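[1] Structure of the sequence below:
(one chain, ligands or ions: 2)
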Amino acid sequence: MKHLSIFGATGSIGQNTLDLVRRNKGLYSIEVLTGGRNLDCLVSNALEFRPKIVATAHNDIYQELKEKLSGTGMQVVAGVNGMADAASLPVDWAMSAIVGAAGLEPGLRAMQAGADLALANKESMVAAGPLMRQTSRENDVALLPVDSEHSAVFQALIGEDHKAVERVILTASGGAFRDWSLEEIAAATPEQASTHPNWHMGQRITIDSASMFNKALEVIEAKELFDFKANQIEVLVHPQSMIHAIVGFQDGGLMAHIGPADMRHAIGFALSYPNRSYLPVERLDLAKIGRFDFSSPDLKKYPALRLAYDVMDLGGFSGAVYNAAKEIALDAFIAHRIGFLDMARVVEVVLERIFVKNTSKENNFCLENVLNMDQIGRTYAKEEIEKNL
Ligand code: NAD
Ligand code: MG
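    Numbering: from 1, shown residues only. Ligands and ions are numbered 1, 2, ... in the order given. Now for the predicted structure:
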């Protein structure tokens, strides 16, 4: 019996994880479920899976959650501290599927308590890659990528010599605006940006796919997870979203990972690792699909991607600032306060204000310092948004 915690259980990744657990109830026991404001979903999952601890991120709904679960024997906690306590319960495997930098601390706590960490929350690696790697090393636990591209790279690297890797190609669907002109993109609304051609995901990552902030975060995530150099990481637009990543070796060979656009593959791979188990995903009929297309991304349309390479160049805490400023800019876009392309502008100005080229890369990556830089990034981003209104 494998004991699991699911952080962000009520979201898209969380629900897909629970779907796999539900199909194999004899193999897994859920110890912790955390969620946000979607109480109905959290309560219904709690009643089904009977975890020891149920947590909500929001103190103001603690009472309501407690009442709904009264008499069940489950411990109910709330807020950032409640989530951190819940995440510290020792388990074998934890799914980090909170959206945003809020996912960092629970993931760290879980690793410190001895859990292998399945990492959907790419923001943790972007903001605090060195701290995540150090925590995994010191506690002798695995960091298992769940982002489909990174799971693909991880799988392509099994049994390979990392020194023989020449390059890695992350594919991108191109998001909602792949075929739109720059002028059309500039006028795009949050509603238009919230639909994805291939994947069903949470609203924030869906908008980040349209702006390629998502791919930008993934490029940095790849550097941090696999210790690649920035100039080894390429992005290719691949509208079918079936080749998830390609690893190129020094003998010219390319190892591509192909699969349906269904996150249950990457989640299931991380759940059964190091084994492979049966997964209920579509089997691709390649003859029917017929063709795979590729093109280079247009950096004018996707300034977020250009900025990711600046961030890798700057190093240090620039990832934490990049992500934090992006989260604030995304909030402002969703609230119709700034335009679609303003998101990258805000992030660029904030990076310029805080960092100059060639700043020292020797930084002390403790949680406190990362959260501090995250706060500065948020404050500056809010100032820039106010200035331009
Ligand atoms: P989602 O919006 O569907 O769900 C997010 C979850 O986090 C919910 O349970 C929500 O209640 C919780 N949450 C939100 N804000 C929180 C906070 N401040 N504190 C604590 N909990 C909070 O998001 P998602 O699409 O499932 O994505 C989750 C993570 O996985 C993100 O980091 C995303 O980039 C990554 N990811 C998602 C997909 C996908 O297919 N959805 C693919 C790859 C990576
Ligand atoms: Mg991805």
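[2] use CA for all of it now, contacts and neighbours both
    Noted.
[3] How about the residues of the stretch 101-250 of the chain by ligand 2?
    147-148 (CA under 5 Å from the ion).
[4] Pick out the residue of the stretch 101-250 of the chain closest to ligand 2.
    Asp147 (4.5 Å; CA to the ion).
[5] can you pull the pLDDT of that residue?
    With respect to pLDDT, Asp147 scores 98.
[6] try Leu33
    pLDDT at Leu33 comes out at 98.
[7] now swap in Pro197 and tell me
    pLDDT at Pro197 comes out at 85.
[8] Can you tell me how far it is from ligand 1?
    With distances taken as CA to the nearest ligand atom, to the nearest Å, Pro197 is found 12 Å from ligand 1.
[9] quick one: contacts for that residue?
    Residues near Pro197 by CA atoms under 8 Å, 6 or more residues apart in numbering: 173, 175-176.
[10] Now it. Its backbone dihedrals?
    Phi and psi for Pro197, reported as degrees, to the nearest 10, are phi -60, psi -30.
[11] related to what we said a few turns ago, surely the residue of the stretch 101-250 of the chain closest to ligand 2 is in contact with Met125?
    No - using CA atoms under 8 Å, Asp147 makes no contact with Met125, being 11.5 Å away.
[12] For those two, indicate the residue with more neighbours.
    Met125 (26 against 22; other CA atoms under 10 Å).
[13] Wait, the more buried one touches Leu225, no?
    Yes - Met125 sits in contact with Leu225 when judged by CA under 8 Å, with a separation of 7.2 Å.
[14] who in the chain is up against ligand 1?
    8-14, 35-37, 57, 97-100, 102, 120-123, 147, 201-203, 205, 263 (CA under 6 Å from any ligand atom).
[15] Give me the subset of those residues lying in strands.
    Gly35 (DSSP state E).
[16] Could you say which helix or strand holds Asn369?
    helix 367-388 (DSSP states H and E).
[17] what packs against that helix?
    Packing partners of helix 367-388 (3 or more CA pairs under 8 Å, 6 or more residues apart in numbering; DSSP states H and E): helix 122-138, helix 318-334, helix 342-354.
[18] And for it, what's in contact with it?
    105, 127-128, 131, 317, 320-325, 327-329, 332, 338, 346-347, 349-350.
[19] Just the buried subset of those, please.
    Buried residues within the contacts of helix 367-388, counting neighbours by 16 or more other CA atoms under 10 Å: 105, 127-128, 131, 317, 320-325, 327-329, 332, 338, 346-347, 350.
[20] and the closest residue to Leu69 other than its chain neighbours, what pLDDT?
    In space, and not counting its chain neighbours, Leu69 is closest to Val43: 7.1 Å by CA to CA, 6 or more residues apart in numbering. We have a pLDDT of 98 for Val43.
[21] what do you get for Lys357?
    57.
[22] Repeat that for the one 10 residues further on.
    On the pLDDT scale, Leu367 is placed at 96.
[23] Name the residue of the stretch 251-389 of the chain that lies nearest to ligand 1.
    Met263 (5.7 Å; CA to the nearest ligand atom).
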